[in-house]
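Q: here is my input, please return the structure:
(chains A and B)
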Amino acid sequence: MRKIRRLLSAGIGSEREGFSLIEILVSLIIFSVMILVVGGVLHKVLVDWSRQRDYLDCVQNARASMSFIVNELRNAKSSSVSVENSGTSIRFLWAGQTSSSDRVWYWIGNQDDDGTFRGDKAILYRGTGTNLNSAYDERTELANFVANAEIGTDVFDKSGDEVTITLMFMLHPEQYEDCGYDCPGNHVLILSTKVRTRN
Amino acid sequence: MMKRGLTFIEVCIATAVFTALLLSMMGVFHQGYRCLGITRERTVAMNLARGILEHYSDWDSLEDVSASVSNGEYSLVLPDLFPSCVDGEGKINNVLYACTLTIADGPYSPASLKLITATVGWSKSGKIFTVAFSTMKADI
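A: Numbers count the residues shown, from 1 in each chain, chains lettered A, B, ... in the order given. Model (predicted):
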């Protein structure tokens, strides 16, 4: 009871001092500065976290697609392997297959959008068919973020029965022209390997 | 009634605790970046090592390294093997990879069965990392 009375008497007309305007202003400024600093740090952490997660996706994407191509190409019939379209596509038959309609194709698109001839130039496709047009109709997307077209590097190169595969990835391939290999937060990831056909 | 506020020391300690918490949180992110970098470099190295083994899975290619395919450790020139992905300084993704091919005797018929090992090494923050793949190759 005494406590409640004391609390009530601490209202208007009591001798207890509140905060002065200056004190409130100073504390508000300090609080705002702290919020801005912490907010800035948190924002940077979130942006970097998001970029890091995207980049990790990109690395996983790169590794999985490279392994997929290598495993399939290793079983190809050596005489059927052919690199086409200035190193942007490759076709082959598996051992025992003879029909051209069974050809397996890997290629990167040649357009900016997916509604045209060979698809998006930032995507690596796989399909089967006599030619690239028919393969395009049955395409599956194997990897995105592919930057070979922007950088101007061949994906496939064949020498004898050995195929060299070079995949270049960027989170934003369209930025390559402006800032090259070392775009801040958008570095080029290059993967390269070789495979020999076994049949 | 005189009510005491917080002393300067108390505020300093609170700020220090808060800063320590924030820094430890940053440490987690830094560790994440580091792991991501190592994962990326390991992925590149594994692909290079696999490519080197594929390249030297042909006996004729081994003879290019050593005419009589004799045992030893041979340094490989990365730009010769992977010209399209190595920059002017011999780096891939700004990392310098050193590649070696080791030829050793196989368990049987050592003249015609060899154990070949492709090793790709790189250094980061003073630490050396390596990836090595091995296979047998017969002269048939």
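Q: can you give me the mean pLDDT across stretch B:12-28?
A: Across stretch B:12-28, the average pLDDT comes to 84.
Q: what about it and chain A, touching?
A: Yes. Stretch B:12-28 reaches chain A (C-beta under 8 Å from any C-beta of the partner chain) through B:L22, B:M25, B:M26. No exception for glycine: its C-beta is placed from N, CA and C like everyone else's.
Q: in chain B, which residue sits nearest chain A?
A: In chain B, the residue that lies nearest chain A is B:G51 (3.7 Å; C-beta to the nearest C-beta).
Q: count of neighbours near that residue?
A: 25 (other C-beta atoms under 10 Å in any protein chain shown).
Q: before we move on, what about B:C35?
A: Burial of B:C35 is recorded as 12 neighbouring residues (other C-beta under 10 Å).
Q: for the helix or strand containing B:S24, packing partners?
A: B:S24 belongs to helix B:8-55 when assigned by DSSP states H and E. Contacts defined by 3 or more C-beta pairs under 8 Å, 6 or more residues apart in numbering or on different chains; DSSP states H and E place helix B:8-55 against helix A:21-74, strand A:162-169, strand A:189-196, helix B:78-81, strand B:98-105, strand B:113-124, strand B:127-138.
Q: what residue ranges in chain B score low on pLDDT?
A: For chain B, the stretches with pLDDT under 70 are B:1-3.
Q: dihedrals phi and psi, the residue found closest to A:S65 once you drop the neighbours it is linked to in the chain?
A: Nearest non-adjacent residue to A:S65, counting by C-beta to C-beta, 6 or more residues apart in numbering or on different chains: A:A143, 3.8 Å away. The phi/psi pair for A:A143 (degrees, to the nearest 10) reads phi -150, psi 150.
Q: hang on, A:A143 packs against A:A122?
A: No. Using C-beta atoms under 8 Å, A:A143 makes no contact with A:A122, being 9.2 Å away.
Q: sorry, back to before: now the angle between strand B:98-105 and the helix holding B:S24, please.
A: Interaxial angle of helix B:8-55 relative to strand B:98-105 (axes from the mean of the first three to the mean of the last three C-alpha atoms, to 10 degrees): 50 degrees.
Q: redo the helices and strands packed on helix B:8-55 as JSON lines? Include distance to B:E63 and mean neighbour count.
A: As requested, the helices and strands packed on helix B:8-55 are exported to JSON lines (distance: least, C-beta to C-beta, whole Å; neighbours: other C-beta atoms under 10 Å in any protein chain shown):
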{"stretch": "helix A:21-74", "distance to B:E63": "23", "mean neighbour count": "14"}
{"stretch": "strand A:162-169", "distance to B:E63": "15", "mean neighbour count": "24"}
{"stretch": "strand A:189-196", "distance to B:E63": "16", "mean neighbour count": "24"}
{"stretch": "helix B:78-81", "distance to B:E63": "16", "mean neighbour count": "15"}
{"stretch": "strand B:98-105", "distance to B:E63": "11", "mean neighbour count": "17"}
{"stretch": "strand B:113-124", "distance to B:E63": "11", "mean neighbour count": "19"}
{"stretch": "strand B:127-138", "distance to B:E63": "11", "mean neighbour count": "14"}
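Q: save these as a markdown table, and put in distance to A:R118 too.
A: As requested, the helices and strands packed on helix B:8-55 are arranged in a markdown table below (distance: least, C-beta to C-beta, whole Å):
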| stretch | distance to A:R118 |
| --- | --- |
| helix A:21-74 | 17 |
| strand A:162-169 | 17 |
| strand A:189-196 | 22 |
| helix B:78-81 | 29 |
| strand B:98-105 | 35 |
| strand B:113-124 | 34 |
| strand B:127-138 | 35 |
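Q: ok, which of these comes nearest A:R126?
A: helix A:21-74 (8.0 Å; C-beta to C-beta).
Q: check which residues of the helix or strand following that closest one are buried.
A: As assigned by DSSP H and E, the chain's next helix or strand after helix A:21-74 is strand A:82-84. By 16 or more other C-beta atoms under 10 Å in any protein chain shown, the buried positions in strand A:82-84 come out as A:V83.
Q: what helices and strands are in contact with strand A:82-84?
A: strand A:89-92, strand A:156-159.
Q: adjacent strands (with direction) for the last one?
A: Sheet partners assigned to strand A:156-159 using DSSP bridges are listed as strand A:162-169 (antiparallel).
Q: for the first one, same thing?
A: Partners of strand A:89-92 in the sheet, by DSSP bridges, are strand A:82-84 (antiparallel), strand A:104-108 (antiparallel).
Q: rank the ones you listed by pLDDT, which is bottom?
A: strand A:82-84 (a mean of 88).
Q: contacts for that strand, please.
A: Residues outside strand A:82-84 that contact it (C-beta atoms under 8 Å, 6 or more residues apart in numbering or on different chains) are A:S89, A:I90, A:R91, A:F92, A:L132, A:D154, A:F156, A:D157, A:K158, A:V163.
Q: OK, contacts around the residue nearest to A:S65?
A: By C-beta under 8 Å, 6+ apart, A:A143 lies in contact with A:N61, A:A62, A:A64, A:S65, A:I123, A:L124, A:L167, A:F169.
Q: again, only this time at 6 Å
A: A:N61, A:S65, A:L124 (C-beta atoms under 6 Å, 6 or more residues apart in numbering or on different chains).
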